[in-house]
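K.L.:
structure, please.
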Amino acid sequence: MPNVAKGDGMRGLAVFISDIRNCKSKEAEQKRINKELANIRSKFKGDKTLDGYSKKKYVCKLLFIFLLGHDIDFGHMEAVNLLSSNKYTEKQIGYLFISVLVNTNSDLIRLIIGSIKNDLLSRNAVHICLALQCIANIGSKEMAESLAPEIPKLIVSGETIDAVKQSACLCLLRLFRTSPDTVPSGEWTQRVGHLLNDQHLGVVTAATSLIHTLAQKTPEDFKNCVSLAISRLSRIVTSSYTDLQDYTYYFVPAPWLSVKLLRLLQVYPPPEDPAARGRLNECLETILNKAQEPPKSKKVQHSNAKNAVLFEAINLIIHHDTEPTLLVRACNQLGQFLQHRETNLRYLALESMCLLASSEFSHEAVKKHMDTVITALKTERDVSVRQRAVDLLYGMCDKSNAEEIVAEMLAYLETADYSIREEMVLKVAILAEKYPVDYTWYVDTILNLIRIAGDYVSDEVWFRVIQIVINRDDVQGYAAKVVFEALQAPACHENMVKVGGYILGEFGNLIAGDQRSSPMVQFQLLHSKYHLCSAPTRGLLLSTYIKFINLFPEIKGQLQDVLRNNNNLRNADAELQQRAIEYLQLSTVASQDVLATVLEEMPPFPERESSILAKLKKKKPNVSDIEVVKEGKKSSNPPTLNNSAANTPEATPASAPVPVMAAAPAPVQSASDDLLGLSAGPAAAAPITNNFAAPASFAAPAAPAGGGGLLVDVFDTPPAQNNVSSALAPQAEENFFNAPAGETAPSGDTPASELDGRFAIKNNGVLFENELLQIGVKAEYKGNLGRLGLFYGNKTSYPFQFFTPTVSCPGELASALNVQTKPLDVNTVEGGAQVQQIINVECISDFVDAPVLSIKFSYSGSMQQINLMLPVMLNKFFEPVEMDATTFFNRWKQLNSPGQEEQKIFKATFPIDSDTSRTKLLGFGFGLLDGVDPNPDNFVGAGIIKAQSSQVGCLLRLEPNMQAQMYRLTLRTSSTSVTTRLADLLLKLF
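P.N.:
Numbering: from 1, shown residues only. Below is the predicted model of the structure:
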């Protein structure tokens, strides 16, 4: 800091501040301020030129008035003039005024940027620091674009002093957070890593913050920093608190720098170099060892700093997930915090143990603390800590402790806070299904769940228990018995009535032999709840009554009386009225055989994923993602309800569509609600019975299952049921042309040849899909112009940061194809969201290759890159041509020069079908000419390739041989390269 002259005290400012403080009322203060503003305005407008001291004094007064809450609409230019002063105090006040009062949209911003740039290029370190601080304070996009290229030079320059390097790193970090695209990349990114070895720890701390943020976007550029970070961390961890006097905080050496270095290492996988990995493990072991040492101070600041480093080290251990010893030690250390008197420590320990529970190395160690976690669930005062305890119980649950954990969670559910009850219900339902003792225990658990927390039991939960019961013959009688007993309770939740109505309607005959549960008793029990239920539940009960007419003909009269009741036949609810009328007519007109056929027992539901996990994922993304990680890491997963009996003939998968009586429609999901295919799919359209459905006008539309549902708003074609890999959208195959069975959307870089067969005749489809991202394309072409809409869907619960798609035309393609890409409006794609990008294409001349789409984004701190070929092929610019036989043969004879004809005889890849071949050729772009070829089985076509520089006529003759399952393809065009390219594309279709 430069010396400030004694005369720079600004006596006038001190007098003005004193006058303001001595004002007895608001009016007096306003009067004094107005007087001062008038004086300052006259001074600025006067003919006499003010010296730097006066400008500084008046600008300072304006700043003080602004801080009092008054608007300032003049003086900005004088403040800008102060920036060109060589006096530190004047320049400082100018920068302070600009940082506080100048708007980023001000007309003066260009003048300010010019002055700042001059200071950045000066050799005065104080001036440079003032400029950097002002840039960081304002941080506008325009300022970033103008000044960002200058700042890296200061960071890596050998002449820059430490204070300037420190300010420059933090300034560049601010600009990167404001506008990532404006920060240039280059040689400096390789050199900035060496600042981690700087002797000045302030520089190291600032550089680490900068590198950590930049590495999240482009980790490859900073891979060399890993070894440097480990080296620096090792020196800090092994040092005594007396070694780093200036950076020791309550006996903890450089805690902030240690935390930043540990976070930087979490961006990268474990180091491959054995020496570096060994040194890092030593650092982590040292941190864990120091946590066990007696505290060097009783002050809370000491424990806070020490624990901050410890928890970040544990996060790194969990991130690497490769060292069993460290993982178990971390778990044991966290276990000690579970009973700590500090609430924050208990919360953090539970949160970290949730992550440890997902590791196969530390899962058993986490389970040892189950009793402590259950005690915390019962005794904690803070609801957030109790919620983390629920999360940890959910994460540590497996087949060995499922019964105890579910019982404890059910017991706590009766007194749980309302804010976490719905989430707990979902978790109990998932655990009961995932780790069942047996099917009767599962049914008992879900019914108990409905009894305890019926208001928080979503439709997905009771749908699921119905689904399991219908798919398992050995549990149907037991389910009918226990649900009948549950309905006898004086206070019975409506969800219990729904379950009871459905199960008794299907399997009530299994318990009808007992006089205590005779048909009439079952009917009277259900009907006693009828008037207390909502309209959807009443509709379900009416469906139960028509089922009873089939199951128990002896009580048909009483059931028909209910259907004839005016409250039903003339109900204001159209759904109930229609059901009553149709059911009454059905029971009256139809014979017993017809009734038995129409109202027969529901068949087992087909295989579907359970929708409960999807519901939990939307409710609390982080916990359900932990579950997915745990399942992916464990070598042998415990069986779920249905796969535990996978060897029995009647076993059915644990995922079937949820049964829904038409009177109780399930909520219809939006296109992006169920990205991972966890939804029950067409649950909402399930029938009342297997043959007697509600009117179409009242049936809820089916929600598409699978990741393909993400793009349901893009494509018009309905998804097909295909047997494809579970990792990809079940509808992905439908979006490609004639994909072979089992073919899925590409999951890596896609070469042009791979795209040809799938997109040659199809403009819409899933271009790419993996567990993170789905890319759909919808295109339209006219003449030599094309327009593609790319739809990027985030299938995860976490945002994609720095999401940057770019399109390039390699080599000669740049001169043959003009591609214009509209940039995305955002650079972050939120979890479950979808963004659209428009690409305009113009065909200049014929081409072979396809444009390359390169996508970069950061996911959970890891940088992802995907390269794909866009489905832009030569035939997309085809226009069909109609002509008669004479014209066709005349042109055919004219195209007889060398290279203008291409003939291929090849084996059919797909079964030869005339209609399919016609569809393919029309989709390819040819106009088919019927009656031209003497053989009606042959295909003759014509078209024109539209390009800006030329138009290429194309004639085709395709001769199929059904007996030999072969084709002869003859193609003639006016361009040799076009002939070859079109022939290659057509071969992949047949």
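K.L.:
residue 805 is in contact with residue 854, isn't it?
P.N.:
Yes: the pair residue 805 / residue 854 is scored as a contact, 7.1 Å apart, by C-beta atoms under 8 Å. C-beta coordinates here come from the backbone N, C-alpha and C atoms, glycine included.
K.L.:
of the two, which one has the most company?
P.N.:
residue 805 (20 against 14; other C-beta atoms under 10 Å).
K.L.:
for the nearest residue to residue 183 once chain neighbours are set aside, grab phi and psi.
P.N.:
Spatial nearest neighbour of residue 183, excluding adjacent residues (C-beta to C-beta, 6 or more residues apart in numbering): residue 176 at 4.7 Å. Phi and psi for residue 176, reported as degrees, to the nearest 10, are phi -60, psi -40.
K.L.:
quick check: residue 176 touching residue 216?
P.N.:
No: the pair residue 176 / residue 216 is not scored as a contact, 10.2 Å apart, by C-beta under 8 Å.
K.L.:
what touches both of these two?
P.N.:
Taking C-beta atoms under 8 Å, 6 or more residues apart in numbering as the contact rule, residue 176 and residue 216 touch no residue in common.
K.L.:
residue 812 versus the residue minimising distance to the centre of the chain, what's the distance?
P.N.:
The centroid of the chain falls nearest to residue 831 when counting by C-alpha atoms, centre = their mean (2.4 Å). Here the criterion is C-beta to C-beta, to the nearest Å. By it, residue 831 lies 41 Å from residue 812.
K.L.:
with residue 207 instead?
P.N.:
44 Å.
K.L.:
between the two, which has more neighbouring residues?
P.N.:
residue 207 (28 against 12).
K.L.:
where does the more buried one fall, secondary structure wise?
P.N.:
helix 201-217 (DSSP states H and E).
K.L.:
got the buried residues for that helix?
P.N.:
Residues of helix 201-217 classed as buried: 201-217 (neighbour count, 16 or more other C-beta atoms under 10 Å).
K.L.:
now stretch 474-488
P.N.:
Counting neighbours by 16+ other C-beta under 10 Å, stretch 474-488 gives 475, 476, 478, 479, 480, 481, 482, 483, 484, 486, 487 as buried.
K.L.:
ok, now stretch 781-792?
P.N.:
Neighbour-count burial for stretch 781-792 [16+ other C-beta under 10 Å]: 781, 784, 786, 788, 790, 791, 792.
K.L.:
residue 564: which of those is nearest?
P.N.:
Comparing the buried residues of stretch 781-792 against residue 564 with C-beta to C-beta places residue 791 closest, at 53.4 Å.
K.L.:
who's that closest one bridged to?
P.N.:
For residue 791, the beta-bridge partners are residue 776, residue 836 (DSSP bridges).
K.L.:
average pLDDT for the next helix or strand after the helix holding residue 207, rounded please.
P.N.:
Using DSSP H and E, the helix or strand that follows helix 201-217 towards the C-terminus is helix 225-237. Helix 225-237 carries an average pLDDT of 92.
K.L.:
quick one: residues in contact with helix 225-237.
P.N.:
Against helix 225-237 from outside (C-beta under 8 Å, 6+ apart): 193-194, 196-197, 204, 208, 211, 215, 244, 253-254, 257-258, 261-262, 264-265, 268, 271, 273, 276, 279-280, 282-283, 286-287, 290.
K.L.:
contact partners for residue 259?
P.N.:
Here residue 259 is in contact with 308, 309, 312 (criterion: C-beta under 8 Å, 6+ apart).
K.L.:
by neighbour count, which of those wins?
P.N.:
Ranking those using other C-beta under 10 Å puts residue 309 first, with 25 neighbours.
K.L.:
surely it meets residue 287?
P.N.:
Yes: between residue 309 and residue 287 there is a contact at 6.0 Å, judged by C-beta under 8 Å.
K.L.:
related to what we said a few turns ago, let me know the closest of the buried residues of stretch 474-488 to residue 368.
P.N.:
residue 475 (34.1 Å).
K.L.:
what does the average pLDDT come to for the host helix or strand of that closest one?
P.N.:
Residue 475 is part of helix 473-487, with elements assigned from DSSP H and E. Helix 473-487 shows a mean pLDDT of 92.
K.L.:
next: stretch 786-796.
P.N.:
pLDDT averaged over stretch 786-796 gives 91.
K.L.:
just the C-alphas of it, formatted as CSV.
P.N.:
Coordinates of each C-alpha in stretch 786-796 appear next as CSV, following Å, rounded to 0.1, in the frame of the first residue of the first chain:
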residue,chain,number,x,y,z
GLY,A,786,-31.9,-27.9,-44.8
ARG,A,787,-32.8,-27.2,-41.2
LEU,A,788,-32.0,-29.5,-38.3
GLY,A,789,-33.4,-29.2,-34.8
LEU,A,790,-31.1,-30.9,-32.2
PHE,A,791,-32.7,-31.7,-28.8
TYR,A,792,-30.3,-32.2,-25.9
GLY,A,793,-31.9,-34.0,-23.0
ASN,A,794,-30.2,-34.3,-19.6
LYS,A,795,-31.2,-37.8,-18.3
THR,A,796,-29.7,-37.2,-14.9
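K.L.:
contacting residues for the closest residue to residue 851 other than its chain neighbours?
P.N.:
Among residues not flanking residue 851 along the chain, residue 870 sits closest, at 4.5 Å (C-beta to C-beta, 6+ apart). Going by C-beta under 8 Å, 6+ apart, residue 870 touches 767, 777, 788, 807, 839, 850, 851, 852, 853.
K.L.:
next SSE downstream of the helix or strand where the fifth one lies?
P.N.:
Assigned by DSSP H and E, residue 839 belongs to strand 834-843. Per DSSP H and E, strand 834-843 leads on to strand 852-859 as the next helix or strand towards the C-terminus.
K.L.:
sheet partners, orientation included, of that following strand?
P.N.:
Strand pairing (DSSP bridges) places strand 852-859 next to strand 800-808 (antiparallel), strand 862-869 (antiparallel).
K.L.:
output the lowest mean pLDDT helix or strand found in the chain.
P.N.:
helix 621-633 (a mean of 47; mean pLDDT, DSSP states H and E).
K.L.:
I figured residue 324 hits residue 361, correct?
P.N.:
Yes: at 4.0 Å, residue 324 counts as touching residue 361 under the criterion of C-beta under 8 Å.
K.L.:
which one of those two has more residues nearby?
P.N.:
residue 361 (17 against 13).
K.L.:
how near is that one to residue 268?
P.N.:
Taking C-beta to C-beta, one finds residue 361 at 20 Å from residue 268.
K.L.:
next: residue 42.
P.N.:
Distance from residue 42 to residue 268, by C-beta to C-beta: 63 Å.
K.L.:
ok so, going back, can you list the contacts of residue 870 in TSV and add distance to residue 389?
P.N.:
Compiled in TSV, the contacts of residue 870 are given as follows (distance: C-beta to C-beta, whole Å):
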residue	distance to residue 389
767	44
777	46
788	50
807	49
839	50
850	54
851	53
852	50
853	46
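K.L.:
list buried residues within the residues you listed.
P.N.:
Here, 16+ other C-beta under 10 Å leaves 767, 777, 788, 807, 839, 850, 851, 852, 853 buried among these.
K.L.:
low-confidence ranges, the stretch 101-250 of the chain, go.
P.N.:
For the stretch 101-250 of the chain, applying pLDDT under 70 flags the ranges 241-243, 245.
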